[in-house]
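K.L.:
Quick one: sequence and predicted model below, then my questions.
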Amino acid sequence: MRCWRDTRRREALFGRAVALLNLRQRLEEAVACFDQAALCGLDRVETLVGKSAALAQLKRHGEAVVCLSEVVAMAPEEITVLGSLAYSRLQSLDWTDYGTLVSTLRRSLSSGGKSPTRCRCCRCWTPRS
């Protein structure tokens, strides 16, 4: 019974965070909900991508860079995350490995790389095709 409640709780937290992110309201609360959902066992990549989007909306790009760097380490094929990482690094004046990051993005895009559909929260802040 407890696992069932935990599953519902993490899904509810994640859903709340995504809703707040989509509405661009109470973004601090969205960040906290993404953190809580991760603590409850929801996919780390999904929660970090969502959290970084909320942090970027709050103009806290340095913190978004930390989240996105962790995602890239876990899932380097996530092209949308690479683009978001480059953007947040530029916004926070962080030039760490910028040339390498841009080269990787160019290679991925020129080889037909596409935005991921894996992360549910990506769909709320990436353009629809």
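P.N.:
Received it, and whenever you're ready, just let me know what you need.
K.L.:
Pull up the gap between the residue most central in space within the chain and residue 94, please.
P.N.:
A centroid search over the chain (CA atoms, centre = their mean) returns residue 49, at 1.2 Å, as the residue closest to the centre. Going from residue 49 to residue 94 by CB to CB, to the nearest Å gives 18 Å. Where C-beta positions appear, they are placed from N, C-alpha and C, glycine not excepted.
K.L.:
ok, residue 93 - how many residues close by?
P.N.:
As a burial measure, residue 93 scores 8 neighbours (other CB atoms under 10 Å).
K.L.:
so which strand or helix has residue 88?
P.N.:
If you go by DSSP states H and E, residue 88 is part of helix 79-91.
K.L.:
Can you name every helix or strand that that helix contacts?
P.N.:
Judged by 3 or more CB pairs under 8 Å, 6 or more residues apart in numbering; DSSP states H and E, helix 79-91 is in contact with helix 44-57, helix 61-74, helix 98-110.
K.L.:
Show the backbone phi and psi for residue 43.
P.N.:
phi -50, psi 120 (degrees, to the nearest 10).
K.L.:
How many residues are close by it?
P.N.:
Close neighbours of residue 43, defined as other CB under 10 Å, add up to 17.
K.L.:
Point out where this protein drops to low pLDDT.
P.N.:
1-5, 113-129 (pLDDT under 70).
K.L.:
one step back: so the residue nearest to the centre of the chain sits against residue 71, correct?
P.N.:
Yes - with contact defined as CB atoms under 8 Å, residue 49 counts as touching residue 71 (5.9 Å).
K.L.:
Can you pull the residues that touch both of those two?
P.N.:
Shared contacts of residue 49 and residue 71, defined by CB atoms under 8 Å, 6 or more residues apart in numbering, comprise 78, 81.
K.L.:
any idea how far the closest residue to residue 92 other than its chain neighbours is from residue 9?
P.N.:
Using CB to CB, 6 or more residues apart in numbering and skipping the chain neighbours, the partner closest in space to residue 92 is residue 61 (4.0 Å). Going from residue 61 to residue 9 by CB to CB gives 30 Å.
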